[in-house]
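1. need a 3D model of the following:
(2 chains)
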Amino acid sequence: MSFVLGRLGQTVLVLLVAAFVSFSLFRYVGDPVNNMVGQSASLADREAMRAALGLDDAFILQFARFVGNALTGDFGMSYRFGQPVATLIAERFPATLELALISMLIATGLGVPLGVWTALNRDHWLSQVLLAASLIGVALPTFLIGIALILFFSVWLGWLPSFGRGEVVRIGGWTTGLLTVGGLRALVLPSITLGVFQLALILRLARAEMLEVMRADFIRFARARGLKPRAIQYRHALRNTLVPVVTMIGLQFGNVFAFSIIVETVFQWPGLGLLVIQAIQFADVPLLAAYLVLIALCFAVINLAVDLAYVAIDPRVRSGGGVRRTA
Amino acid sequence: MRLPVLLTTALSAAFLVASPVLLPTSAVAQEGKTFRYAYRVDPASLDPHALAETFTLSWLGQIYEPLVGRGKNLELVPALATKWEQPEPDVWRFHLREGVKFADGTPLTADDVIFSLQRVKKDGSDMAYTVASVTDIKKVDDHTVDLVMAKPNPILPVQITSTYIMSKDWAEKNGATAPASVKAKVENFASTNANGTGPFMIASRQAGVKTELVPNPNWWGEKSSNVSKVVFTPIQSDATRVAALLSGEVDMVYPVPQQDVARIEGNDGTKVIKGSELRTMMLAMDQHRDELQNSDAKGKNPLKDKRVRQAIYQAIDMNAIRDRIMGGTSHIAGTMIAPGINGYDPKLDDRAAPYDPEASKKLLAEAGYPDGFTFTMDCSNDRYVNDERICQAIVGMLGRVGLKVTLNAQTRSKFFEKVLSRDTSFAMIGWQPLSYDAHSTLQDTMNTPVEKVGTYNIGNYSNPKVDELTRKIEVEVDPAKRNAMIFEAMMLDKADYGHIPVHQAGLAWGVRKGVNVVQRSDDSLELKWVSVD
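-> Next up, the predicted model:
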């Protein structure tokens, strides 16, 4: 418990630092005022707007105001949409989370078993093919995969939609595309695109770790004791393989969630990534600030979850002392 | 763990979802036709007075209507007013159409018009400039309104073609009597809801994602469209937008990037409709500072010398820019206004001097810069069609006559911040008069910058004669005299080499065959003219 509390304290600190750093960068994103007024506005009108938004105030003052308001749950109004930032983010959050979850599910569900299998069957021809394919997965840029998939499955074959989220069902404040055929179809291409890199990464890591563990002394002793190969592989080796793999999956989930910007742009996926890329172009500072803090929060939470997962997987962590970090 | 089993299961699951045979695509439209289209961005707000931005206004024009509208060739046509006249030089009288109803069923009266125009003048409204000349609004009777001005304003009707009329009752009931304002931190019912008199109304909308429109049953106009449902989606990525058209998921996309025109034309079942923009791209040169910024010409500003400006003019090969960068679709500009803008005259559009690098070098030598000089060019890289590539080409061409130019291409918010604060020596910007009248170009980009005029005259070009003509054009009632003065002012700028007009970029809309649309040169898609076979 004290472990969790300690981590929560650290989280607050991380969020403050993230907010501070992002705020100090905002002065370089350009002038939002020009985007907010039409071409007929005079220079005096623009100055008045800038003053009203507090953009002329000292950096520290702006930052203090942001933190103060954020503590009361007020993240301000988006310059572009004229709506509260919190509402906008809440509206877009489900789309990104679903996309990230599905793509990580694909990546993990295929990556771990395939990685283990290729480690155990190193000389099988399929292993060689999978490894070569995973190299391509790591090397190809995401947007290229996305556009190639659109070209193939949408334009040529006409099987799957090339953009958007399909039909969504609203449940309370949450919108989901998982319950409709249209929604599921729309998920296929973006989640594959987003998952390909992660799949390749997890596969290669799982394979490497498995090979490493299989060479370890305790596996040799287990063999000497005459345990069945399956029991050795899945009870002893796999468990030890999973610790670094879980760390990686956790951190990669953060990445997938935070940086789905490219995939969301290519597929016009109405999530946070699309919102944020438009916010950058518009210099929509309140939206950017809230987004970056949210992302920092996500990473902090994921890290905490990963640490807790260690406890479940690796009994050595439970016996007190520090947590072994591999990444 | 059996790998083949795992793979087969995964693959068959994927195909189950993917296969169109097993799971048919969502329902096809029942009665009437559905028209699905995509544009690069979403309208910024539904509040018709919140932002004076071309696309937002054009899109909202499907839902809301002005007093005076625009026809297929941008000519003025009656909209909510059937007739307008000037009983006295400083009064415009508008006779409202009888029997017009808003989408919610309330009838349109003079009170709605007065309320809307007053709302437009409120703080937070970005449309105030359209009625800036109006000092008083008077109700004559339920269907007649007088707009009173301090001095005659002959172009008021052309200025208000995007000034939309809202329902007074609806706005008051929903607390939307003032425009949405981020400045005042007011959220506004009208920025997410709409109630207009226009041909279409909103059935559902998720900002930035999807908007569905249906015909407004209360619309007064003659129904010429057979569309019973419109689905609008913003698709930001050019490649995805084009793919959506090619795959048949949408019926129309715009804008189509130049490099994809051939692909859409080569595809069975799609075509491209081309035209020219109304926005004129131009080069602005600093004619104000005594010492040019970021230059090795210390202590002086070579751009103040007309010979130097002419040298730059003659060093740029506009044909090459049109053919190599714009795919042959742009219209080379000889003046600051485009064909289609009120005041345009083909005689204005002749270039002031031909492309001639040798003449350029001679002029530079005469002006005292035989070896040229250095300066920086400011350019946006995400605002105008091919903006960065055009600037790169210009920098290269100027290099050939000895002008060593450093290009500073940035994203739009950085670019405008820099050039509007006059922190520039040489920059490319575009201007499209929202009133489609030359006066806006003169006032905002050519008049000496003071207070509210000349905001976009970023090179601070200043010719008192042009300023004087601009003032006169503002109040001249006789169209022939007015056009003569526009001609004179444009010729003065040209003779001064005050600006270097570049071109109007080509417009390209990608349309599925069997879909009929009217392309207006202001890039506005009017849904009432759309029909689907």
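2. in contact with the residue lying closest to B:N267 once chain neighbours are set aside, which residues?
-> Nearest in space to B:N267, with sequence neighbours left out and distances taken as CB to CB, 6 or more residues apart in numbering or on different chains, is B:L246 at 5.7 Å. For glycine as for every other residue, the C-beta is placed from the backbone atoms N, C-alpha and C. B:L246 is in contact with A:155, B:263-264, B:267, B:270, counting by CB atoms under 8 Å, 6 or more residues apart in numbering or on different chains.
3. B:R389: neighbour count?
-> 16 (other CB atoms under 10 Å in any protein chain shown).
4. double-check it against B:I325; I have them as touching.
-> Yes. B:R389 lies in contact with B:I325 (CB atoms under 8 Å); the separation is 5.1 Å.
5. for the stretch 51-200 of chain A, which residues are neighbours of chain B?
-> When proximity is defined by CB under 8 Å from any CB of the partner chain, the stretch 51-200 of chain A lies next to chain B at A:52-53, A:76-84, A:91, A:109-110, A:113-114, A:116-117, A:126, A:147, A:150-151, A:153-155, A:158-167, A:181-182, A:184-185, A:188.
6. list buried residues within those residues.
-> Neighbour counting by 16 or more other CB atoms under 10 Å in any protein chain shown classes A:52-53, A:76-84, A:91, A:110, A:113-114, A:116-117, A:147, A:150-151, A:153-155, A:159-167, A:181-182, A:184-185, A:188 among those as buried.
7. skipping adjacent residues, who's closest to the residue of the stretch 101-250 of chain A found nearest chain B in space?
-> As assessed by CB to the nearest CB, chain B sits closest to A:S154 within the stretch 101-250 of chain A, at 4.2 Å. Leaving aside its sequence neighbours, A:S154 sits nearest to A:S162 (CB to CB, 6+ apart; 3.7 Å).
8. these two touch, right, the one you found and B:G248?
-> No. Applying CB under 8 Å as the test, A:S162 and B:G248 come out as separate, 10.0 Å apart.
9. number of nearby residues for B:L245?
-> B:L245, neighbours per other CB under 10 Å, totals 31.
10. before we move on, the earlier item: what sits against the residue nearest to A:S154?
-> Neighbouring residues of A:S162 by CB under 8 Å, 6+ apart: A:150, A:154-155, A:189, A:267, B:240, B:243-244, B:247, B:249.
11. kindly report the same for B:D42.
-> B:D42 touches B:207-209, B:211, B:234, counting by CB under 8 Å, 6+ apart.
12. TSV please, covering those and showing neighbour count.
-> Below are the contacts of B:D42 laid out as TSV (neighbours: other CB atoms under 10 Å in any protein chain shown):
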residue	neighbour count
B:A207	23
B:G208	22
B:V209	21
B:T211	20
B:P234	23
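13. near chain A too, which of these?
-> B:207-209, B:234.
14. which one of those residues is nearest to chain A?
-> Checking these against chain A with CB to the nearest CB, the nearest one is B:V209 at 4.0 Å.
15. packing partners for whatever helix or strand A:L205 lives in?
-> Secondary structure assigned from DSSP states H and E places A:L205 in helix A:181-214. Where contact means 3 or more CB pairs under 8 Å, 6 or more residues apart in numbering or on different chains; DSSP states H and E, helix A:181-214 is packed against helix A:85-120, helix A:125-139, helix A:142-149, helix A:238-258, helix A:261-266, helix B:3-18.
16. measure how the longest one sits relative to helix A:181-214, angle-wise.
-> Direction vectors for helix A:85-120 and helix A:181-214, defined by axes from the mean of the first three to the mean of the last three CA atoms, to 10 degrees, enclose an angle of 50 degrees.
17. in the stretch 351-500 of chain B, which residue sits closest to chain A?
-> Nearest residue of the stretch 351-500 of chain B to chain A (CB to the nearest CB) works out as B:S413 at 3.0 Å.
18. quick one, what contacts that residue?
-> For B:S413, the contact set (CB under 8 Å, 6+ apart) comprises A:29-32, A:34-35, A:281-283.
19. inside helices: which ones of these?
-> In helices, defined here by DSSP state H, the members of those are A:34-35, A:281-282.
20. re earlier: from what I can see the residue of the stretch 101-250 of chain A closest to chain B touches A:P161, true?
-> Yes. In this structure, A:S154 is within contact of A:P161 by CB under 8 Å, at 6.6 Å.
21. shared neighbours of these two, anything?
-> The contact sets of A:S154 and A:P161 overlap at A:189, B:249 (CB under 8 Å, 6+ apart).
22. find the nearest non-adjacent residue to the residue in the stretch 1-150 of chain B that chain A sits nearest to, please.
-> Closest approach between the stretch 1-150 of chain B and chain A, counting by CB to the nearest CB: B:A52, at 2.7 Å. Nearest non-adjacent residue to B:A52, counting by CB to CB, 6+ apart: A:G38, 2.7 Å away.
23. gap between the one you found and B:G208?
-> Going from A:G38 to B:G208 by CB to CB, to the nearest Å gives 20 Å.
24. next one: B:L434
-> B:L434 sits 24 Å away from B:G208, going by CB to CB.
25. again with A:L275
-> Distance of A:L275 to B:G208, given as CB to CB: 7 Å.
26. tell me the contacts of B:I341?
-> By CB under 8 Å, 6+ apart, B:I341 lies in contact with B:278, B:433, B:436-438, B:441.
27. a markdown table for the residues you listed, including distance to chain A, neighbour count and pLDDT?
-> Output for those, formatted as a markdown table (distance: CB to the nearest CB, whole Å; neighbours: other CB atoms under 10 Å in any protein chain shown; pLDDT from 0 to 100):
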| residue | distance to chain A | neighbour count | pLDDT |
| --- | --- | --- | --- |
| B:L278 | 13 | 24 | 92 |
| B:P433 | 9 | 27 | 88 |
| B:Y436 | 14 | 25 | 89 |
| B:D437 | 13 | 21 | 91 |
| B:A438 | 15 | 30 | 94 |
| B:T441 | 11 | 29 | 95 |
